[in-house]
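1. Predicted model and sequence follow; I will ask about them next.
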Amino acid sequence: MNVLRRFVPPYKKYLVLSILFNILSAVLNIFSFAALIPILQILFQTGDAEAATGYMAWDWGNMQGVLMNNLNYYVTQLIADYGQTTTLLFIGIFLALTTAMKTGAYFLSSATIIPIRTGVVRDIRNQLYRKITSLPLGFFSEERKGDIIARMSGDVQEVETSIMSSLDMLFKNPILIIVYFSTLLFVSWQLTLFTIIFVPIFGWFMGLVGRRLKQKSIKAQALWSDTMSQVEETLGGLRIIKAFIAEEKMNRRFDRINTNYRNDIMKVNIRQSMAHPMSEFLGTVMIIIVLWFGGILVLTNKTITGPTFIYYLVILYSIIQPLKEFSKAGYNIPKGLASMERIDKILMAENTIQEAVQPKSLSSFEHQIEFRHVSFRYGERPRVGEPDDSGMQWVLKDINLTIPKGKTIAIVGQSGSGKSTLVDLIPRYYDVQEGEVLIDGINVKDLGIHDLRQLIGNVNQEAILFNDTFRNNIAFGVDTATDEQIAEAARIANAYDFIMQSEQGFDTNIGDRGGRLSGGQRQRVSIARAILKNPPILILDEATSALDTESERLVQDALERLMKTRTTVAIAHRLSTIKNSDEICVLHEGRIVERGTHEELLKIDGYYKKLHEMQS
């Protein structure tokens, strides 16, 4: 199975131990039940014991006859020396000891599977998380967050429940079936050949239901993703839901999705519950047929003795249980495979932001950032000679822009003009389809991604903070930061006073996404984070647009301190915040239509002047 080949190899030592213990358990089981033959001979006085008058030499052509004769002779000697009741006690003690050893081996075989099961699930989650953090932002614009959460929770849980819990069955039951089947052949090959006719029928029924189960499981897991997406959207939009009195509407919507999921998972579970009754019925039919045919061999043909036939039935019953569990695995595994397909959609997703084979190193920023004939659109560029049928519009068209070191360049324009997309090309959140972005004359695609992003600091319109302390949020990404450096960054960002007024100062938890802070406080914490990183290039994406006047003044003051001696690219809606920029570029429908200082642009009767007059 592909899943096992991919994830089990690191745990192969546990797998080998489990297989060894399973073999030991099966062999001990055979020997423990072999004690039934002399017990039955003594209890029912079958006369078989008297037939053995001495030990027989080993004969590979008559292994069964030699073993049965020597066993009978040994029991006869015990009876002669100690009597029947004492011999019965000896045989019972032997049965108890071998059973204790068998159950011990059985326990160890299951215990050695547990590190594999838990380890593989941990590895899948780790791989998923690493993949999520490595994929470009474009991947997540096409995927719902709730769906990704569902794959990390529900789908991984299903893999654990369905595939990993079946590991014990997969590596234990085939061994038991092979050992028990070999024993059945050894005891009576005629009876075994007659029995084997029914096994393919048994397997065919299991496979038929298992294939249908997988199809239903894929649909059920997709509906689970819808359910999780609904929960994620509700938590993110709770304020709007309450503001528009839409609780009942959302409740009905969730109930519809949840009911659909329930109906599909109900069908899956009903079908899965068929495994035990079906295997029970088929097993009983097999026992009845074997009893009938075995009775003929015992009563008519005399090819097998009564006690040996009872032993045969005990081993046959022992092989039915592994067959049942094997068939149960055949039901469970398709559910897990359906979930694994959904997990693989993330694990196998192509990372379009690839690092160069031999990336160039850039330890510092010395000269300029340059956009050279840059055109960009979301979606893949068609291959040479292929028609462009994507229907995607160009977001940026033939952008030429140079940003010298130490200068502040502002980007303004209407919503949808491509401002955020333009600055996202610098740290390679997206790659251009045409033209190139260069830093100090080196194409950003040729730079190491870590080296490139180490040069850049971001302060976004929405301050993205984590459910952690002030200290850890400010020091995010700077593992070597000292307490003094963190405090100094907070002072420069006008955040120190309100941090120290909180219950535990820098060790105060700020809540989910900084929910315990005001918008201005969140923004100043994110500025402190950028100050501590101390990047030579700074990207400000409408950093003050969502703030009130007082908060804007404090944040703007912090930003001005941050921008000193740095090369800054600032996106702004409020033109008052970028009046002092060295150059302002006006974007309209993906093109730079005007550029100059604030005063120069006001003299032109163009887009910038209209924006300025509207805000005035």
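-> Received, thanks.

2. where does the residue nearest to residue 147 when sequence neighbours are not counted fall, phi/psi-wise?
-> Excluding the flanking residues, the one nearest residue 147 by CB to CB, 6 or more residues apart in numbering is residue 225, at 4.2 Å. C-betas here are computed from N, CA, C, even on glycine. Note on residue 225: backbone dihedrals following degrees, to the nearest 10 are phi -60, psi -40.

3. How much space separates residue 225 from residue 144?
-> Going from residue 225 to residue 144 by CB to CB, to the nearest Å gives 7 Å.

4. Counting neighbours, go ahead and name the busier of those two.
-> Higher neighbour count among residue 225 and residue 144: residue 225, with 22 against 16, using other CB atoms under 10 Å.

5. Wait, the more buried one touches residue 145, no?
-> No: contact between residue 225 and residue 145 fails when scored by CB atoms under 8 Å: they sit 10.6 Å apart.

6. Can you classify residue 540 by secondary structure?
-> Assigned with DSSP: H, G, I helix; E, B strand; the rest coil, residue 540 falls in the strand class.

7. show me the biggest helix of the chain in terms of residues.
-> Counting by DSSP state H, the longest helix found in the chain is helix 306-347.

8. Quick check: next helix or strand after it?
-> Next helix or strand after helix 306-347 toward the C-terminus (DSSP states H and E): strand 368-376.

9. what helices or strands is that following strand leaning on?
-> Under the contact definition 3 or more CB pairs under 8 Å, 6 or more residues apart in numbering; DSSP states H and E, strand 368-376 sits against strand 396-404, strand 434-439.

10. Partner strands of whichever helix or strand comes after the last one, with direction?
-> Right, the one you point to is strand 434-439. Sequence-wise, the next helix or strand downstream of strand 434-439 (DSSP H and E) is strand 442-443. If you go by DSSP bridges, strand 442-443 pairs up with strand 434-439 (antiparallel).

11. Count residues in the vicinity of residue 195, would you?
-> As a burial measure, residue 195 scores 21 neighbours (other CB under 10 Å).

12. Surely it touches residue 288?
-> No: with contact defined as CB under 8 Å, residue 195 does not count as touching residue 288 (11.6 Å).

13. In what element of secondary structure is the most centrally placed residue in the chain found?
-> With distances taken as CA atoms, centre = their mean, residue 125 lies nearest the centre of the chain, 3.9 Å away. Using DSSP H and E, residue 125 falls within helix 114-134.

14. And the average pLDDT for that helix is what?
-> Averaging pLDDT along helix 114-134 gives 84.

15. what do you get for stretch 608-616?
-> So the average pLDDT for stretch 608-616 ends up being 80.

16. Could you pull out the buried residues of that stretch?
-> Buried positions in stretch 608-616, judged by neighbour count with 16 or more other CB atoms under 10 Å: 608, 611-612.

17. any chance of those in a markdown table, with distance to residue 304 and secondary structure too?
-> Formatted as a markdown table, the buried residues of stretch 608-616 follow (distance: CB to CB, whole Å; DSSP: H, G, I helix; E, B strand; the rest coil):
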| residue | distance to residue 304 | secondary structure |
| --- | --- | --- |
| 608 | 102 | helix |
| 611 | 99 | helix |
| 612 | 104 | helix |
